[in-house]
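Peer 1: Build me a model:
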Amino acid sequence: MAVFGNSKSKPEPASAIHSLLGKDVMFTGEIHTGARSFRVEGVVEGIIHSTGEVSIAPGGVVKGTIFAKNLVVTGRAEGTMKITDCLEIHGTGYVEGDVEVGSLVVDEGGTLQGVCVRKDQTLAHDTNGVAKGGSLPTVKHPELDPKKVDLKR
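Peer 2: Here you go, the predicted structure:
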């Protein structure tokens, strides 16, 4: 006799780490991981390209550019990050630089220092000039057009 019900669905296992850069390893250059997960425990100076998950462990450091589907930081990331899905900064994580994300999660104690932009963020106005939740007057200010603003003054 079974104490627990015979459930056909099993919980999904935690994602496996497919590639690991160990604690005492320093890599300079460009890394391509495809859809495989990549964990950094050492130091990477350069570019990481991944269509999967990149994780930076406590003590791990990435200085450069990260292109990934998901990025989980419990260590340190400095530079430019373009994350198509989710950037997670855990309590010991530190991210500094220009970040573009699909979504962002920052745990208590985690730090994001720099500029963060949500990818594919749409304007709050529809084509008739009505904001979601009410209406606003449609006023055009060419000097405030985001396409024409020079942020590097």
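Peer 1: any idea whether Gly34 is helix, strand or coil?
Peer 2: Under DSSP: H, G, I helix; E, B strand; the rest coil, the three-state class of Gly34 is coil.
Peer 1: Excluding chain neighbours, give the residue nearest to it in space.
Peer 2: Taking CB to CB, 6 or more residues apart in numbering, and ignoring the residues beside it in sequence, Gly34 has Thr51 as its nearest neighbour in space, at 6.1 Å. Glycine gets a C-beta too; all of them are placed from N, C-alpha and C.
Peer 1: Could you work out the end-to-end span of stretch 48-58 for me?
Peer 2: Length of stretch 48-58, first residue to last, CA to CA, to the nearest Å: 18 Å.
Peer 1: follow-up on the earlier one: for the residue nearest to Gly34, give me its contacts.
Peer 2: By CB atoms under 8 Å, 6 or more residues apart in numbering, the contact set of Thr51 is Thr33, Gly34, Ala35, Ala68, Lys69.
Peer 1: how much space between it and His32?
Peer 2: 10 Å (CB to CB, to the nearest Å).
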